[in-house]
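In: need coordinates for the below:
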Amino acid sequence: MVRALVGGAAVLAAGGASAWYGLAGDAQATGDPEGVGPVTLATGRDTTHYLRGLLADWNAEHPDQPAELVELPEAADEVHAQLAGELSTGGSRFDVLNLDVVWTAEFAARRWTVPLDESDFALGSFLPPVVRTGRYDGRLYAVPFVANAALLYYRSDVLAAAGEQPPTTWPELVRQARTLAPAHGLSGYAGQLSPYEGLAVNALEAIRSAGGDLLAGDGTVVVDSPQALAGLEFLAGGVRDGWIPREVLGYQEEESRAAFGRGGLLFLRNWPYVYHAVGAAGSPVEGRFGVVPLPGPNGPGSGVLGGSGLAVSRFSRHQRTARALIGYLTSRRAQYRVLTDGGLPPVWADLYADPDLTARFPYLPVLRTAILAAGARPGVPQYQQLSLAFSETAFEVVSGRRTAEAALPRLAADLRAIVG
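Out: Okay, the predicted model is just below:
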C-alpha cells in the first residue's frame, strides 16, 4: 500500500528486495518468554497518529508494563531493512513488531520471531483469510492487526449518465474504459504499474483472476502457464490499446490516487485508504464515485491480501508483556479504533456489518467481500527476492519491452532458482 507499514492506508508492501540477512544463530542469546516489563512496538510511521492513543490507554491500565512506540521510516522497504538489521544481530531494541504480511515467513524462518499460542488470541472472530497470513510452517507467528484488499473505484456519475452499471468482468471494464472514458474527457483505468511491489500485486491479481498463479500450494513454480500469460496480457493489452494511459507505468499508490481524485480517471484499482482521501469535502470527485470488488475475465476477480500482523521478537526480554500487548491491540475495542481513528481495515469480522461503522465507512461491505475472496502472496522466506524478479518481469511485459510469451519462461527459471 501505499508504501507505509502502518498506513494500511499506505501500502503495506516492500518496494524492492531487501538484503537476505543471515540467520540469527543459536549461539546468540534469546529473550525471556515469561519476562514482564516495559516493551516497544516497532512500526512504520504512524501517519494518522492512532497508535499513540491506543498505547496511551494501554499504559494507563498497565503502568508497570508501559509500551513505547518506535516509529521507523514510512517506506516499507526501509522498515524491513531496519528491523532485519537489528534482529539479525540479536538486538533487543524491539519487542513487538508490526510486520507486513509478506514478511511473516521470512522473519519466522530466520528465527527472529517466536511462535505464538493461538488460544491466546481471538482468532475465531477475525476474517478467516487474514488469519492465514500470520502462519508459517503450520504455526502462528504473527497475529493479524490490519486487513487489506484492493477495490475498483469508478466514477458513478459517468456510469449513471450512460445508464451503465459498474463492471463485473474484464470485457465490461475494457468496453467502458474505451468508450465512456474518452467521451467524458477521462482516461480509462489506472493501477500501480511502476516496477515495485505494487506492480507485483497488480500483476498477481490479474494472473490469479485468469486462473493462474506464481507458485502452487506445494511451492512449485507454475507461472509459465496460459493463465498467467492471459493475466499479464490483460494489463499489457490495456497499455498497448490506450485505455490504460502510458503514464500509469510510473504510478504507485499516491500517483494513481491523485489522478482519480482530480477527476482524470474513470476507473482506479487501489486500496481502501483512497476512499476518504478522494471523497473529502471539496474534492473534485466528492459524491461522484463508488467502489466494487475487482472484476475478472468472466466474473469476480481475485484480490491479493495486504495488511500487517503483530509478532514478538525472539530477543525480547519481556515476551509475556509483548504477547499481552498484542492481545490488547487485536481486541475488538482496539480494532474498532484502528478503523475509526486510523482509517485502516480491521481484522474483526463483525465490524464490517456494524450499522454505525458502515454509515461512516460505506465501503466496508464491499471490502469484506474483497477480503474474503482474496488470497495471500506466496508465503515463502524468499518473498523479497521473488517479488523483485516478478515485478521486473511484469514491468517488461506491461511496458511492451517483451512479450509475455517470451518473458514467462525466463521468469519461471528465475523463480525456481530463488525458491529452490
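In: switch to C-alpha atoms for all contacts and neighbour counts from now on
Out: Fine.
In: how does the protein divide into domains?
Out: Here the domain parsing of the chain from automatic domain parsing is 39-148+306-373, 151-304+382-419.
In: residue 32: which of the ones you listed is closest?
Out: domain 39-148+306-373 (4.7 Å; C-alpha to C-alpha).
In: any chance of the domains of the chain in CSV, plus distance to residue 30?
Out: Shown next, in CSV, are the domains of the chain (distance: least, C-alpha to C-alpha, whole Å):
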stretch, distance to residue 30
domain 39-148+306-373, 5
domain 151-304+382-419, 24
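In: export the ones you listed as a markdown table, with columns for mean pLDDT and mean neighbour count.
Out: A markdown table is the format used below for the domains of the chain (pLDDT from 0 to 100; neighbours: other C-alpha atoms under 10 Å):
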| stretch | mean pLDDT | mean neighbour count |
| --- | --- | --- |
| domain 39-148+306-373 | 96 | 21 |
| domain 151-304+382-419 | 97 | 20 |
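In: which residue ranges of the stretch 301-420 of the chain form helices?
Out: 319-329, 332-340, 355-360, 364-373, 383-398, 404-419 (DSSP state H, counting those that start in this stretch).
In: ok, the stretch 101-250 of the chain next?
Out: 104-109, 128-132, 156-161, 170-183, 197-209, 226-241.
In: helices or strands up against the second one?
Out: Here helix 128-132 is seen to pack against strand 143-148, helix 364-373 when contacts are counted using 3 or more C-alpha pairs under 8 Å, 6 or more residues apart in numbering; DSSP states H and E.
In: these into TSV, with extra columns for distance to residue 416?
Out: Listed next are the helices and strands packed on helix 128-132 as TSV, based on distance: least, C-alpha to C-alpha, whole Å:
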stretch	distance to residue 416
strand 143-148	29
helix 364-373	27
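In: about what we covered before: so which of the domains of the chain is nearest residue 33?
Out: Evaluated over those, closeness to residue 33 peaks at domain 39-148+306-373, with 4.8 Å, by C-alpha to C-alpha.
In: residue 352 and residue 358 touch, don't they?
Out: Yes: the pair residue 352 / residue 358 is scored as a contact, 6.9 Å apart, by C-alpha atoms under 8 Å.
In: now do the shared contacts for these two.
Out: With contacts defined as C-alpha atoms under 8 Å, 6 or more residues apart in numbering, the residues shared by residue 352 and residue 358 are 364-365.
In: ok, back up a step: now the helices of the stretch 101-250 of the chain in a markdown table, with distance to residue 384?
Out: Shown next, in a markdown table, are those (distance: least, C-alpha to C-alpha, whole Å):
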| stretch | distance to residue 384 |
| --- | --- |
| helix 104-109 | 9 |
| helix 128-132 | 19 |
| helix 156-161 | 38 |
| helix 170-183 | 30 |
| helix 197-209 | 9 |
| helix 226-241 | 20 |
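In: identify the residue nearest the most centrally placed residue in the chain in space, chain neighbours excluded?
Out: In the chain, the C-alpha nearest the mean C-alpha coordinate belongs to residue 306, at 2.1 Å (C-alpha atoms, centre = their mean). The spatial neighbour of residue 306 that comes closest, neighbours along the chain excluded (C-alpha to C-alpha, 6 or more residues apart in numbering), is residue 148 at 4.5 Å.
In: quick check: that neighbour vs residue 270, distance?
Out: With the distance defined as C-alpha to C-alpha, to the nearest Å, residue 148 ends up 10 Å from residue 270.
In: likewise residue 46?
Out: Taken as C-alpha to C-alpha, the span from residue 46 to residue 270 is 20 Å.
In: same question, residue 372
Out: 17 Å.
In: how about residue 228?
Out: Distance, residue 228 to residue 270, by C-alpha to C-alpha: 21 Å.
In: do residue 378 as well
Out: Taken as C-alpha to C-alpha, the span from residue 378 to residue 270 is 20 Å.
In: then residue 249?
Out: Applying C-alpha to C-alpha to residue 249 and residue 270 gives a distance of 15 Å.
In: brilliant, that's me finished.
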